[in-house]
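Q: How does the following fold in three dimensions:
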Amino acid sequence: MNKTALITGASSGIGKELAKIHAQKGGDLIIVSRSENELNKLKTELETEYKIKVHVIAKDLTQSNAPEEVYEQTKKAGLRVNYLINNAGFGGLGKFNERDIKVDLSMINLNISALTALTHYFLQDFVKNNEGKILNVSSTASLMPGPLQAVYYATKAYVTSFSNALSEELHNTKITVTNLMPGATETQFGKKSGMDKTEMFKSTASAKSVAEDGYKGMLNGDLDVISGLTFAQKIMIGAAPLMPKKMILKQVRKLQDV
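A: The predicted structure follows:
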């Protein structure tokens, strides 16, 4: 039986690459984002090339009622989701007090609230059927505080903690929760957040390679998957727990200063 994957933020970047990987394996898709035109282009491309079925849901997940509406649409369409991939998210660079609070609250709604709600709704079905896989796209940013991206780093810390906790809650089931933590990745995220101008984004991983790592980890039921780091970044991440927090904060701020 084909496995159906629901992927948020599927119109570009890591989400789009995850959709392609799943389609290549013969799986059907439910793709979600605000960009209906881009979703329809992807639907045509994947259905034509891989002879699978793609269901489009154009929805702004920053809106509080959107996750429930996505879930209800899948139910009305008679679609059974086997893999839930919470990929949608965005960031933003700048001092917290100087940023638009409405933008940061929308970031919290998308990165935290929508992911949490979608996981809740679909996990009910997974538990009922004792079958399902969840892939939550967090970030290596979740492993430390992030001066100049205070809210973004904090939202990703939530995603990592939430994902790991759920994995243990479900330890006696056939359901797995995998937490994907990419480093700097070549997507629209860098340009939209302003991070593409920083030291941290001088060397980026491809969205395709990160998606491949995440998808493989999801199939394996891995707890955490770290992807897309340079050798220097791996050293920094590994050493972070041993370093004084003030030193880490200064280093992260310098990497994100423009």
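Q: How about the secondary structure of the residue nearest to L180 when sequence neighbours are not counted?
A: Distances taken as C-beta to C-beta, 6 or more residues apart in numbering place G214 nearest to L180, at 3.9 Å, with adjacent residues excluded. To be clear about C-beta, it is placed using only N, CA and C from the backbone, and glycine gets the same treatment. At G214 the chain is in helix, as set by DSSP: H, G, I helix; E, B strand; the rest coil.
Q: which residues does G214 contact?
A: I14, L18, L135, V137, T178, L180, P182, V225, S227 (C-beta atoms under 8 Å, 6 or more residues apart in numbering).
Q: give me the number of residues near L229?
A: Neighbourhood size, L229 [other C-beta atoms under 10 Å]: 19.
Q: Check which helices and strands the biggest helix by length in the chain sits against.
A: In the chain, taking DSSP state H as the definition, the longest helix is helix 150-169. Counting contacts by 3 or more C-beta pairs under 8 Å, 6 or more residues apart in numbering; DSSP states H and E, helix 150-169 packs against helix 101-108, helix 115-129, strand 132-137, strand 175-182.
Q: will you turn the ones you listed into TSV that also has mean neighbour count and distance to V151?
A: Below are the helices and strands packed on helix 150-169 laid out as TSV (neighbours: other C-beta atoms under 10 Å; distance: least, C-beta to C-beta, whole Å):
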stretch	mean neighbour count	distance to V151
helix 101-108	15	5
helix 115-129	18	15
strand 132-137	25	17
strand 175-182	25	18
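Q: Same list (the contacts of G214) but as CSV, adding distance to L219 and pLDDT.
A: CSV is the format used below for those (distance: C-beta to C-beta, whole Å; pLDDT from 0 to 100):
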residue, distance to L219, pLDDT
I14, 16, 96
L18, 12, 98
L135, 9, 98
V137, 15, 98
T178, 9, 98
L180, 12, 98
P182, 17, 94
V225, 11, 97
S227, 15, 93
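Q: These into TSV, with extra columns for distance to R99?
A: Below are those laid out as TSV (distance: C-beta to C-beta, whole Å):
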residue	distance to R99
I14	24
L18	29
L135	29
V137	23
T178	31
L180	26
P182	23
V225	30
S227	28
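Q: quick one: which two of those residues are the most distant?
A: Taking C-beta to C-beta as the measure, these span a maximum distance of 13.6 Å, between I14 and T178.
Q: which residues sit in contact with the closest residue to T116 other than its chain neighbours?
A: Sequence neighbours aside, F162 is the residue nearest to T116 in space, at 6.8 Å (criterion: C-beta to C-beta, 6+ apart). Listed by C-beta under 8 Å, 6+ apart, the contact set of F162 reads L115, T116, T119, N136.
Q: check contacts around the nearest residue to the first one once chain neighbours are set aside.
A: Once flanking residues are discounted, L115 sits nearest to N86: 4.4 Å by C-beta to C-beta, 6+ apart. In this structure, N86 makes contact with T8, A114, L115, L118, T119, I134, L135, N136, V137, V159, judged by C-beta under 8 Å, 6+ apart.
Q: how about low-confidence regions in the stretch 51-200 of the chain?
A: Applying pLDDT under 70 to the stretch 51-200 of the chain flags residues 185-200.
Q: Quick check: E69 touching K59?
A: Yes. Between E69 and K59 there is a contact under C-beta atoms under 8 Å: 6.4 Å.
Q: The two: who's more crowded?
A: K59 (20 against 13).
Q: Next up, the contacts around the more buried one.
A: V32, S33, R34, A66, E69, V70.
Q: Am I right that L29 is in a strand?
A: Yes. Assessed by three-state DSSP, L29 belongs to a strand.
Q: Setting the sequence-adjacent residues aside, check what's closest to it.
A: Using C-beta to C-beta, 6+ apart, the closest residue to L29 is V54 (4.6 Å).
Q: Could you give the number of residues near the one you found?
A: Counted with other C-beta under 10 Å, V54 comes out at 20.
Q: For it, give me its contacts.
A: Contacts of V54 (C-beta under 8 Å, 6+ apart): A23, D28, L29, I30, I31, L42, K43, L46, E47.
Q: measure it to T44 for me?
A: 8 Å (C-beta to C-beta, to the nearest Å).
Q: Understood, closing this out.
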